[in-house]
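[1] sharing a sequence plus its predicted fold:
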Amino acid sequence: MTTQRRDIALVNSDMGEAFGLHTFGNDPALMPIIDVANVACGFHAGDPAVMEATVALAKQHGVRVGAHPGLPDLVGFGRREMKLSPAEVESLIRYQIGALTGFLRGHDLPLNHIKPHGSLYGMLARDEELMLGAVRVARDYGVPVFGIAGSAHQRVAEREGVEFVGELYVDLDYNADGGLIILRQPHATDPEAAAERTRRAVLEGVVAAEDGTDIPMSFGSICVHSDTPNAALVARAVREALASL
């Protein structure tokens with residue numbers, strides 16, 4: 001079943017993407033603003049200490065925790081595609097979620113959902129066979145998949161009886177075909193532009209693509225990336241826009 005509750009959309013953010021002594025994003029500033037955290041599971045970012053701290057921070061603020069599995073590519077932050085079989089995709093997702101659920105169990109928290117990261121997210125949006133691996137894991141854990149409405153994310157999840165939650169992105173541009181334009185280096189987002197995109201998506205069910213055309217948008221959650229330089233300001237603008245509707 002597709003989630004389309006645009007009037008009560010959840011705000012989510014990718015979290016726990018530091019590694020060792022290297023910081024990334026501003027999780028302490030974002031966590032009090034969001035509803036759902038997508039926590040990195042060690043392949044594209046994160047490590048045991050970071051995962052533990054992120055889960056503890058989420059619990060402190062009453063934020064639900066989902067898994068954010070990525071490609072095994074720490075150097076490229078999981079934003080470089082790999083040639084993988086469906087079985088390999090399923091195994092690498094299952095492995096990472098197994099790690100995260102260990103930390104969740106330690107804090108008496110359930111797994112809320114699965115949202116693939118970066119290039120894995122894009123690969124699964126295009127390839128139904130690869131997406132099936134992710135959906136099998138979600139079905140085993142009894143949790144929904146977050147993804148792009150109208151893509152293989154949604155088609156495979158619904159076909160396999162797994163709940164799907166479409167996402168709206170306020171800090172990335174869209175192609176005219178509804179695809180996301182992924183940048184290797186994040187840039188600051190105008191908070192008012194993010195708020196306006198939120199308002200239009202909620203009230204009209206559309207967002208403006210990079211070429212200015214309006215594309216339909218079905219979603220149940222709004223993503224603000226933690227590596228956006230002014231992510232906390234953007235998330236707060238989105239939250240205020242939702243509250244005003």
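    Alright, I've got the coordinates.

[2] and the helices in the protein?
    For the chain, helices defined by DSSP state H occupy the ranges 27-30, 48-60, 86-106, 118-126, 128-141, 152-159, 191-204, 231-244.

[3] could you say which one of those helices comes nearest to residue 75?
    Smallest distance to residue 75 across those (CB to CB): 12.8 Å, for helix 118-126. Every residue, glycine included, has its C-beta placed from N, CA and C.

[4] touching that closest one from outside, list them.
    Under the criterion CB atoms under 8 Å, 6 or more residues apart in numbering, residues 44, 69-71, 73, 77-82, 84, 89, 115-116, 130-131, 134, 147-148, 151-153, 179-180, 182 lie in contact with helix 118-126.

[5] for PyMOL, what selects the buried ones among those?
    Buried members of the contacts of helix 118-126, defined by 16 or more other CB atoms under 10 Å, are picked up in PyMOL with:
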select buried, resi 44+69+70+71+73+77+78+79+84+89+115+116+130+131+134+147+148+151+152+153+179+180
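
[6] nearest residue to the middle of this protein?
    In the chain, the residue lying closest to the centroid (CA atoms, centre = their mean) is residue 115, at 5.0 Å.

[7] before we move on, the earlier item: could the helices of the chain go into JSON lines alongside mean pLDDT?
    Formatted as JSON lines, the helices of the chain follow (pLDDT from 0 to 100):
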{"stretch": "helix 27-30", "mean pLDDT": "96"}
{"stretch": "helix 48-60", "mean pLDDT": "98"}
{"stretch": "helix 86-106", "mean pLDDT": "98"}
{"stretch": "helix 118-126", "mean pLDDT": "96"}
{"stretch": "helix 128-141", "mean pLDDT": "98"}
{"stretch": "helix 152-159", "mean pLDDT": "98"}
{"stretch": "helix 191-204", "mean pLDDT": "95"}
{"stretch": "helix 231-244", "mean pLDDT": "96"}
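
[8] would you turn these into a markdown table with distance to residue 220?
    A markdown table is the format used below for the helices of the chain (distance: least, CB to CB, whole Å):
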| stretch | distance to residue 220 |
| --- | --- |
| helix 27-30 | 20 |
| helix 48-60 | 19 |
| helix 86-106 | 21 |
| helix 118-126 | 16 |
| helix 128-141 | 15 |
| helix 152-159 | 11 |
| helix 191-204 | 11 |
| helix 231-244 | 13 |
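
[9] closest one to residue 175 among those helices?
    Nearest to residue 175 among the helices of the chain is helix 118-126; the distance by CB to CB comes to 11.9 Å.

[10] residues near residue 237, how many?
    Residues lying near residue 237 (other CB atoms under 10 Å) number 23.

[11] hang on, it packs against residue 191?
    Yes. Counting by CB atoms under 8 Å, residue 237 touches residue 191, with 3.7 Å between them.

[12] do you know how far residue 75 is from residue 43?
    Note on residue 75: its distance to residue 43, by CB to CB, to the nearest Å, is 12 Å.

[13] neighbour count: the two, which is higher?
    Neighbour tally, residue 75 and residue 43, criterion other CB under 10 Å: the higher count belongs to residue 43, 21 against 7.

[14] ok, the more buried one - contacts?
    Applying CB under 8 Å, 6+ apart, we find residue 43 in contact with 69, 70, 71, 72, 73, 74, 78, 92, 96.

[15] can you redo those residues as a markdown table with distance to residue 22?
    Output for those, formatted as a markdown table (distance: CB to CB, whole Å):
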| residue | distance to residue 22 |
| --- | --- |
| 69 | 20 |
| 70 | 16 |
| 71 | 18 |
| 72 | 17 |
| 73 | 15 |
| 74 | 10 |
| 78 | 15 |
| 92 | 22 |
| 96 | 19 |
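
[16] what about residue 149, how many residues nearby?
    Neighbours of residue 149 (other CB under 10 Å): 20.

[17] distance check, it against residue 209.
    Per CB to CB, residue 149 is found 15 Å from residue 209.
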